[in-house]
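Q: Would you be able to build a 3D model of this:
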Amino acid sequence: MPVKFPQFRSRRDAFPESLWTRCPSCEEQLFNKQLEKAMNVCPSCGHHFRLSAPLRLGQLLDEGSFEEHDSGLVSVDPLGFVDQKAYPDRVAAAQLATGLNDAAVWGLGRVDATRIAIVVMDFGFMGGSMGAVVGEKVARAAEAALAERLPLVVVSASGGARMQEGTLALMQLAKTMAALERLRDAGVPFVSVMSDPTTGGVFASYAAMGDVNLAEPNALIGFAGARVGAGTIGQELPPGFQRSEFLYSHGFVDRVVARADLRRELSLLLRYLVPRPLDALARPLEASVG
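A: Numbering: from 1, shown residues only. A predicted model of the protein is given here:
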C-alpha cells in the first residue's frame, strides 16, 4: 500500500502576497502591517514608499481637524481625448482605484493646533497628473489662505501636467502661480513639501516656489527626465541627479526631512511663519504717512 505523505503548503500559499511588500531599494520582504506602523518607510534601508492622500493627511494633521473643500470637483473631457482608452474611462478607473475624485485633495486643518490650508496630491490617481481640477484646487486653497491669512501647505506627488487635457492643463501653471504671488504679496507663508516624484509642470510651477521647500529623502524631483536632460546638454549627468539630496546640496531644496520627522518640522516652521495680522501690516504705513 503506497505511503501517503502530508501535503505541505508552499511558502507562497502560507504567506500570500497581499500580506507582504517587497522593498524596491533593498528587496527586503516587509510585513504590510509593520510597514504601515512605520509610516510606509522601509525599516531596513529607509526607502520612502508613496503615500495616498488620505494617509498623508492623517500623518500630518491633528486627528479629526481636516475639513475637505470642493470634493465634488471632477474632470471633464474638453478634447474628446482617446488613446488606448477614452479619457473619461481613465478618470473613472482612477476614481474607483483611489476613492478620490481627482489627483488632489484640499481643505483646512490643524498641525499642532496651528490652523492651515493644505493641498495633498495622490500619485495613485493617474500619476498625480495636474489637470484643470488639480490646478483649481491649488488656486482655491491659496485664495482661502489669503482670505483667512492662514499658512498654505502643499504636498506634491506628480508626474506633471495631464496630457489628456492639453493646453487647459498647461494653463494651470500660470493660474496657480498667480494665486501664489498674491499670497506672497500679502505676506502669507507657503510651505512646499515635495515627495516622490515631483516632476513636470508641477515642479515647474508651485512645487518649487515655497517660502520654504522641504523634500522627503531620495525623492525624484525635476522638470524633464534624466535622459532628456542628458540629451539636451550633450553630456552625462552627475550621480544622484534629480534626487532630493542632490537638490539640497545645490540650494534648490531647503531641507530633506524623513517622513517620521515631517509633522514636527512643519509644526516648528508654522510657528515661525504664522502671518502677521492685517493691522500689524498697516502700522508701518500709518507711521510713514504720519
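Q: contacting residues for A86?
A: Shown in contact with A86 (CB atoms under 8 Å, 6 or more residues apart in numbering): D77. Bear in mind the C-beta positions are built from the backbone N, C-alpha and C, glycine included.
Q: Now the phi/psi pair for it, please.
A: phi -60, psi 140 (degrees, to the nearest 10).
Q: Any figure for the gap between it and A97?
A: 17 Å (CB to CB, to the nearest Å).
Q: Same check on V153?
A: 25 Å.
Q: just S129 next, same as before
A: According to CB to CB, S129 stands 14 Å off from A97.
Q: Tell me who's in contact with the closest residue to L173 other than its chain neighbours.
A: Of all residues not flanking L173 in the chain, S205 sits nearest, at 4.1 Å (CB to CB, 6 or more residues apart in numbering). Under the criterion of CB under 8 Å, 6+ apart, the contact list for S205 reads Q172, L173, T176, M177.
Q: Check which helices and strands whichever strand or helix holds the last one is in contact with.
A: Right, M177. Using DSSP states H and E, M177 sits within helix 166-185. On a contact count with 3 or more CB pairs under 8 Å, 6 or more residues apart in numbering; DSSP states H and E, helix 166-185 meets helix 132-148, strand 190-199, helix 200-204.
Q: Just the angle for the longest one relative to helix 166-185, thanks.
A: Here helix 132-148 runs at an angle of 10 degrees relative to helix 166-185 (axes from the mean of the first three to the mean of the last three CA atoms, to 10 degrees).
Q: Number the residues from 7 up from this point.
A: In the new numbering, first residue 7, that becomes helix 138-154.
Q: could you give the mean pLDDT of helix 138-154?
A: Here helix 138-154 scores 98 as its mean pLDDT.
Q: and what of the last one?
A: Averaging pLDDT along helix 206-210 gives 95.
Q: How far away from the center of its chain is that helix?
A: Helix 206-210 sits 12 Å away from the centroid of its parent chain (CA atoms, centre = their mean, to the nearest Å).
Q: Next: the first one.
A: Centroid separation for helix 138-154 versus its chain: 15 Å, with CA atoms, centre = their mean.
Q: just for the stretch 57-206 of the chain, where's the confidence low?
A: For the stretch 57-206 of the chain, no stretch has pLDDT under 70.
Q: Would you map the strands across this structure?
A: Counting by DSSP state E, one finds strands in the chain at the ranges 26-28, 35-37, 73-75, 110-117, 120-127, 158-164, 196-205, 218-221, 227-228, 261-262.
Q: can I get those in a markdown table with distance to V280 and mean neighbour count?
A: Shown next, in a markdown table, are those (distance: least, CB to CB, whole Å; neighbours: other CB atoms under 10 Å):
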| stretch | distance to V280 | mean neighbour count |
| --- | --- | --- |
| strand 26-28 | 39 | 14 |
| strand 35-37 | 39 | 15 |
| strand 73-75 | 19 | 12 |
| strand 110-117 | 11 | 23 |
| strand 120-127 | 7 | 24 |
| strand 158-164 | 12 | 28 |
| strand 196-205 | 12 | 25 |
| strand 218-221 | 13 | 22 |
| strand 227-228 | 27 | 24 |
| strand 261-262 | 19 | 16 |
